[in-house]
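*Asks:* Got a predicted structure plus its sequence, pasted below:
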Amino acid sequence: MPLGNNAFADVTRPKNAAPRERRLNGHERDRLQAACAQCRNPFVRYLVELAVETAMRRGELLNARWTHVSFETRTMRIPVTKNGHARTIPLSSGALATLRTLSDGRAPGDERILPITQDAAKMAWKRLAKRAGLKDLRFHDLRHEAISRFFERGLSVPEVALISGHRDPRMLFRYTHPRAEDIAAKL
């Protein structure tokens, strides 16, 4: 190549993919719950319930231990997160009820809240979404659903950021997808 020619002059950067805005509608939530009831692995149902109630990532849920939960303070400590910053999240009544159910049936000596592997959870989710007829729903979309619901309940940006672990409000807003019809009802 002769000097002065830039080999990268004609290379363009790939465009960023459009952010996902996938949420569950009422019928899809019902179908998802019905499909969970048909799962052979009972922990899949609880994994889905906790994801929607806490906005935790799949890995955070699968790594959660009983020592991280405080029923007295209604909180769960997440010592290992994607961004490397531990956080303590408040637990909704629904999350507490799910955790109490799991606590009552737990095997002695097992410290994991959801004793399933990452691979088992991934495969179970694929089967679950197919059984529910939800073609484009990813497990991570449940995090979007949960965060959007927190805002719909009236929580503030700092409160939702505490739960989700987002340190930058711009990233938090990428996860927030209010429904126009819900806002119209407020007006």
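*Replies:* Perfect, thanks for sending it.

*Asks:* Strands of the chain, residue ranges please.
*Replies:* For the chain, the strands defined by DSSP state E occupy 69-70, 75-78, 87-90.

*Asks:* Buried deepest among the ones you listed, which one?
*Replies:* strand 75-78 (a mean of 18; mean count of other CB atoms under 10 Å). Bear in mind the C-beta positions are built from the backbone N, C-alpha and C, glycine included.

*Asks:* Spatially central residue for this structure, please.
*Replies:* Taking CA atoms, centre = their mean, the centroid of the chain lies closest to Arg143, which sits 2.9 Å from it.

*Asks:* quick one: that residue and Glu60 touch, right?
*Replies:* No. Contact between Arg143 and Glu60 fails when scored by CB atoms under 8 Å: they sit 9.8 Å apart.

*Asks:* Return the residues in contact with Thr67.
*Replies:* Glu111 (CB atoms under 8 Å, 6 or more residues apart in numbering).

*Asks:* max-length helix in this protein?
*Replies:* Using DSSP state H, we find that the single longest helix of the chain is helix 118-132.

*Asks:* what about stretch 83-95, start to end distance?
*Replies:* By CA to CA, to the nearest Å, the extent of stretch 83-95 from end to end equals 23 Å.

*Asks:* And for that stretch, what's in contact with it?
*Replies:* So stretch 83-95 is contacted by 49-50, 53-56, 69, 74-81, 99, 162-163, 165, 167 (CB under 8 Å, 6+ apart).

*Asks:* Count the neighbours of Leu62 for me.
*Replies:* 19 (other CB atoms under 10 Å).

*Asks:* Go ahead and name everything in contact with the lowest-mean-pLDDT helix or strand in the chain.
*Replies:* Of all helical and strand segments in the chain, the minimum by mean pLDDT, DSSP states H and E falls on helix 180-186, at a mean of 80. Outside helix 180-186, the residues within contact range by CB under 8 Å, 6+ apart are Glu152.

*Asks:* Report the distance from it to the chain centre.
*Replies:* Here helix 180-186 is found 24 Å from its chain centre; the criterion is CA atoms, centre = their mean, to the nearest Å.

*Asks:* Then stretch 152-171?
*Replies:* Worked out by CA atoms, centre = their mean, stretch 152-171 lies 14 Å from the chain centre.
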